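J.: following is a predicted model, sequence given first.
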Amino acid sequence: MPKMKTRRAAAKRFRRLKSGLIKRSKAYRGHLSKSKSTKRQRQLRQSTYISDGDLRRVNKMLGHG
């Protein structure tokens, strides 16, 4: 059985932590920032973790079975 390939797009977007959680950046930050409040833009800079519902799918994209 060959090794499972990593989806390169996913590898650039997610980071796997030792705890098993997967870190991600928040969306809606790319443009049209004038209409977003300063508080909202500041909160979008913070990273977060993927939800439990996506964990299995993202693990598979990262080549972790």
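T.: Yes, it's here.
J.: count the neighbours of Met61 for me.
T.: When neighbours are defined as other C-beta atoms under 10 Å, Met61 has 19 of them. Using the backbone N, CA and C atoms, a C-beta is placed for each residue, glycine as well.
J.: contact partners for it?
T.: Contacts of Met61 were listed using C-beta atoms under 8 Å, 6 or more residues apart in numbering, and they are 6-7, 10, 14.
J.: could you identify the buried members of the residues you listed?
T.: Burial by neighbour count, judged by 16 or more other C-beta atoms under 10 Å, picks out 10, 14 from the contacts of Met61.
J.: now the contacts of Met61 as JSON lines including secondary structure?
T.: Formatted as JSON lines, the contacts of Met61 follow (DSSP: H, G, I helix; E, B strand; the rest coil):
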{"residue": "Thr6", "secondary structure": "coil"}
{"residue": "Arg7", "secondary structure": "coil"}
{"residue": "Ala10", "secondary structure": "helix"}
{"residue": "Phe14", "secondary structure": "coil"}
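J.: tell me the one of the contacts of Met61 nearest Ile50?
T.: Distance to Ile50, by C-beta to C-beta, is smallest for Phe14 among the contacts of Met61, at 7.0 Å.
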